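Enquirer: Predicted model and sequence follow; I will ask about them next.
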Amino acid sequence: MDPVRKVKDAVEKVAEALTPDVPGSPGSGTPTVAEPTEPHDPLPPKSEQGTPETRTPTGDTTGATPVSHGQRGTFLTTAQGTRLRDTDHSLKAGPRGPVLLQDHHLREKIMHFDHERIPERVVHARGAGAHGVFTAYGSAEPLTRAGFLKKGRKTKVFVRFSTVLGSRGSADAVRDTRGFATKFYTDEGTFDLVGNNMPVFFIQDAIKFPDIIHAAKWHPDREIPQAQSAHDTFWDFVSLHTEAQHHTIWNMSDRGIPRSYRMMEGFGVHTFRLVNDAGETVLVKFHWKPTLGVHSLTWEEAQLTNGVDPDFHRRDLYDAIEAGAFPEWELGLQAFPDTPEETFADIDLLDPTKLVPEELAPVQAVGKLVLNRVPTNFFAESEQVAFHLGHLPPGIDVTNDPLLQGRLFSYLDTQLTRLAGPNFGQIPINRPHAPVNDMLRDGFHQQAVHGGVAPYRPNSLDGGNPFEATGDGFVDVPVTVAEAPKIRANPVSFDDHFSQVRLFWLSMSPVEREHIINAYTFELGKCYEQAVKERQLRCLANIDPVLCAEVAAGLGLPVPEPTLPLADVAPSPALSQLGNRWPVDGRLVGIVVDAEPANGGAGTDGVDAVRREVFAAGMVPLVIAPHGGTVGDLVVQRSFATARSVEFDALLLAAAPALAQDAVAGRDAKVGAPGADVVDPRVLLLVEECWRHAKAIGAWGAGVTVLERAGVADTPGVVTGRSGSETLAAVSALLANHRAWERF
Ligand code: HDD
């Protein structure tokens, strides 16, 4: 199909999905759904969802027993398959009598409900997943024998994005690191790449993970704050434990508040070892590069979003997939010679607090990931998915990074408790797509009915089966382990805690530096302990004098002297988010219209044409009107009561909606303003917030008045046009830069 047509079709589909259900309204296309009174076939699954499992829990696929997944069988049954005639009344001794203990249906229903929740993840509890496909370019073939990286090979994947600190119900747009965990269901066994949106970590040794997490999570006495690092214990730990300073500056930068999961980079963080068919090895770092570019929220926008739409990132991910604007990333590798020193350009590749600048080792693209399907059931998939760094196919192996080594223990261990027993690998989302023939037996929640009598090796009773693989199995790379004393210590290179923090700071543009200063000032300003703030300022003094002085000024504290010479490092421009232009696919454009003339508004002339042009450009238009329902022929997606600026990437003003007449009358009495001149304050707020958050704003016709009333006319990133079409063209050009950066 013609690609432009394809995008148009996909975007029209989303518009339908986003259109409120106003039966019979123009453009809604939604028939009135009658309330069912007798059994009939259920609606098919939504197009972007998979068909639910069609077997019963007992595995019957003959159709003889009703399927119990997702309300798809006709008649309600107990868990044992007995048809039920009543699920609304407990069995009682007479209509007014006591409930009888013998009511098995009541007890089964309540017992199961009582146990619906499982423990949340101890970290990364809040997250959202999606299915997709990974297609290999073949460029990694010389480096690894991994089959899924061979040219053209397609592999199914499941990705779960997450925040680290908050509980399962916490808000999405908090300042935090984001998890980016990918399960590749390769036909040689599952490969899990369990990374973050930042390339470095707080600690160099896994033994300190409980310390950083205890410090960063809530205080143990009151269990606050939720999903925040802006508190004493976090800054106490990172200021004492200076190897955390590099990860901390990433958190304080715009990377800590991503605009969307779709607009984040991902990093495997550790160095891994690849091995090819000839047994040659190379050290690599994994990168995910989003097609849409790396973009962030502003801090005020993030704070508002957490109130207005705490599920912002989750909703954004699913809306985009539903819209057909499938999120995409390229998988890339930085490859380094596998030398005995395991260093590159004097950077210790086993130190997870260090990155390798892309200018020194370019990221080579090896394949593309496309997320194209939302989960059918959140719990079954996103909640029960279990990743593990030890899930490696032949061709990929681990290194001695002490953080990685500890993680290899932690994930299996935590999942044993979280998923209540050792058989969580049999949960549908965790099942490998490669054939499994293990000799693991029994245990809680065993799903398999294993045949045979000899689950051991060697055996003769089951014909010696299963046999060990010859040639194509996993081989641990026989790395030489140096003869060395048993010791609790780090290599000396791990003692450099500041040079790369300075490298990061120097790589930022002025506006990104301003955001970093503001973030440190905000977070430390939320601390109560003076000693903690002063200690962190001493760390900042070792990073950069301007950074330290600005934050100290914001806190009203003296500027300390550095305790170390400032590192002499070259910046890495690739670390900055600014300076590029990006596709605008899936961006949300709000269009403010007025009520119909009959209701005192100016109407919606030309808006439908603009709406279609927004679609055609691959973006999603959302019509914002004084009320829900319809205005003329336009279906309204947001009313002034439900719209808030944080939802939109750009704003178009087609009209200057006035305040309702009765409200104006009250206002007149106070300020004596002429009624028709009073622009609805909710529209003014939309404009003011979009302006403060440096978003593109465009107006034509009567809409230009709003710019004047809001006092933003003729400022950077605010455009006007002779027509809607001309205005949209200018706004789209601005949107490709993500924000009007000059406004900060
Ligand atoms: Fe971890 C979950 C990423 C260090 C222990 N981690 C978890 C998840 C991600 C990461 C993305 C969520 C997976 C999901 O969506 O289910 N973790 C990282 C990265 C690290 C890191 C990139 C450093 C480079 N983690 C780390 C250490 C330890 C853990 C050092 C322990 C020694 N992580 C865990 C865990 C979790 C987890 C406790 C919680 C839930 C789970 O594993 O299944 O085992």
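Expert: That came through, no problem.

Enquirer: Tell me what the closest residue to residue 729 other than its chain neighbours is bridged to.
Expert: In space, not counting the residues next to it along the chain, residue 729 is nearest to residue 721; the distance is 7.5 Å by Cβ to Cβ, 6 or more residues apart in numbering. All C-beta atoms are positioned from the backbone trio N, CA, C, and that covers glycine. Here residue 721 sits in beta bridges with residue 700, as judged by DSSP bridges.

Enquirer: And the residue of the chain closest to the ligand?
Expert: As assessed by Cβ to the nearest ligand atom, the ligand sits closest to residue 179 within the chain, at 2.7 Å.

Enquirer: need the residues of this structure near the ligand, please.
Expert: Applying the criterion Cβ under 6 Å from any ligand atom, the portion of the chain that neighbours the ligand consists of 121-124, 127, 160, 162, 179, 181, 194-196, 201, 206, 209, 269, 352, 385-387, 403, 406-407, 410-411, 414-415.

Enquirer: can you tell me which of those residues are in strands?
Expert: Where the residues of the chain next to the ligand overlap with strands, as defined by DSSP state E, the overlap consists of 127, 160, 162, 179, 181, 194-196.

Enquirer: Tell me the confidence at residue 269?
Expert: The score at residue 269 is 98. That number is its pLDDT.

Enquirer: Quick check, it in contact with residue 203.
Expert: No: taking contact to mean Cβ atoms under 8 Å, the distance of 11.4 Å between residue 269 and residue 203 leaves them out of contact.

Enquirer: anything in contact with each of those two?
Expert: When Cβ atoms under 8 Å, 6 or more residues apart in numbering defines a contact, the residues bordering residue 269 and residue 203 alike are 352, 403.

Enquirer: Next, count neighbours for the residue nearest to residue 729.
Expert: Per other Cβ atoms under 10 Å, the neighbour tally for residue 721 reads 19.

Enquirer: hang on, the earlier thing: of the ones in strands among the residues of the chain next to the ligand, just say which sits nearest to residue 467.
Expert: Within those, proximity to residue 467 (Cβ to Cβ) peaks at residue 194, which comes in at 31.3 Å.

Enquirer: what residue ranges in the chain score low on pLDDT?
Expert: In the predicted model, the chain carries pLDDT under 70 at residues 1-34, 39-73, 599-603, 660-677.

Enquirer: can you list the domains in it?
Expert: If the domains of the chain are taken from automatic domain parsing, they occupy 127-211+258-430, 499-568, 588-743, with pieces of a single domain joined by a plus sign.

Enquirer: Reformat those into JSON lines and put distance to residue 484 next to each item.
Expert: Listed next are the domains of the chain as JSON lines, based on distance: least, Cβ to Cβ, whole Å:
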{"stretch": "domain 127-211+258-430", "distance to residue 484": "11"}
{"stretch": "domain 499-568", "distance to residue 484": "26"}
{"stretch": "domain 588-743", "distance to residue 484": "49"}
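
Enquirer: Residue 254 is in contact with residue 511, isn't it?
Expert: No: Residue 254 is beyond contact range of residue 511, at 9.1 Å (criterion: Cβ under 8 Å).

Enquirer: ok, residue 347 - contacts?
Expert: 354-356.

Enquirer: how many neighbours does the closest residue in space to residue 179 that isn't next to it in sequence have?
Expert: Nearest residue to residue 179 in three dimensions, chain neighbours excluded: residue 162, at 3.7 Å (Cβ to Cβ, 6+ apart). Residues lying near residue 162 (other Cβ under 10 Å) number 25.

Enquirer: One more: residue 190?
Expert: Residue 190 has 22 neighbouring residues, counting by other Cβ under 10 Å.

Enquirer: Who is it paired with across the strands?
Expert: residue 185.

Enquirer: Return the subset of the residues of the chain next to the ligand lying in helices.
Expert: Secondary structure from DSSP state H places 209, 403, 406-407, 410-411, 414-415 of these in helices.

Enquirer: Just the buried residues from the residues you listed, in ChimeraX please.
Expert: Per 16 or more other Cβ atoms under 10 Å, the buried members of those correspond to this ChimeraX selection:
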select :209,403,407,410,411,414,415
